[in-house]
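**Q** could you work out the structure for the sequence below:
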Amino acid sequence: GSVEVVFSDDFRVSGVPGPFVVGSQRDRLSGGIQPGEGDFEIGPLMDRRGAQPYQIPPEAADYAYVWVYCKPFGVEVARSNVEVQ
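**A** You can find the predicted model right below:
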């Protein structure tokens, strides 16, 4: 089985450089992305608005939050709780 993260039709995010989608158990990414603490880089943000799917390996799907993270500046842009459907 595969696991998919899907952003909804009404998704919108500001125009920051280098936005990346990240899964995490942490409710803050201060200090950057920490793979040793369970953070997982899902991939670059495909679009700044609208529905979009991201495939992830099942072993990386055990997290509580999905983030949009500005990698060049280390800034949290948006966060959502994970909803399993």
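**Q** export the helix or strand of the chain with the lowest mean pLDDT to CSV, keeping only CA atoms.
**A** Lowest on mean pLDDT, DSSP states H and E among the helices and strands of the chain sits strand 3-7, with a mean of 88. Taking C-alpha atoms only, strand 3-7 is exported to CSV below (Å, rounded to 0.1, in the frame of the first residue of the first chain):
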residue,chain,number,x,y,z
VAL,A,3,0.3,6.6,1.5
GLU,A,4,-0.8,9.9,0.1
VAL,A,5,-0.9,13.4,1.6
VAL,A,6,-3.5,15.5,-0.3
PHE,A,7,-3.9,19.3,0.1
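**Q** neighbouring strands - and their directions - for whichever helix or strand comes after that strand?
**A** As assigned by DSSP states H and E, the chain's next helix or strand after strand 3-7 is strand 19-24. Applying DSSP bridges, strand 19-24 is found paired with strand 40-44 (antiparallel), strand 65-70 (antiparallel).
**Q** surely Ser2 meets Tyr54?
**A** No: applying C-beta atoms under 8 Å as the test, Ser2 and Tyr54 come out as separate, 10.8 Å apart. In short, each C-beta sits where N, CA and C put it, glycine included.
**Q** who has more neighbours, the two?
**A** The neighbour comparison of Ser2 against Tyr54 (other C-beta atoms under 10 Å) goes to Tyr54, with 17 against 8.
**Q** what's opposite that one in the beta bridge?
**A** Beta-bridge pairing for Tyr54 (DSSP bridges): Val5.
**Q** quick check: end-to-end length of stretch 67-77?
**A** 7 Å (C-alpha to C-alpha, to the nearest Å).
**Q** please identify the buried residues of that stretch?
**A** Neighbour counts over stretch 67-77 (16 or more other C-beta atoms under 10 Å) mark 67-71, 77 as buried.
**Q** no further queries at this time; thank you.
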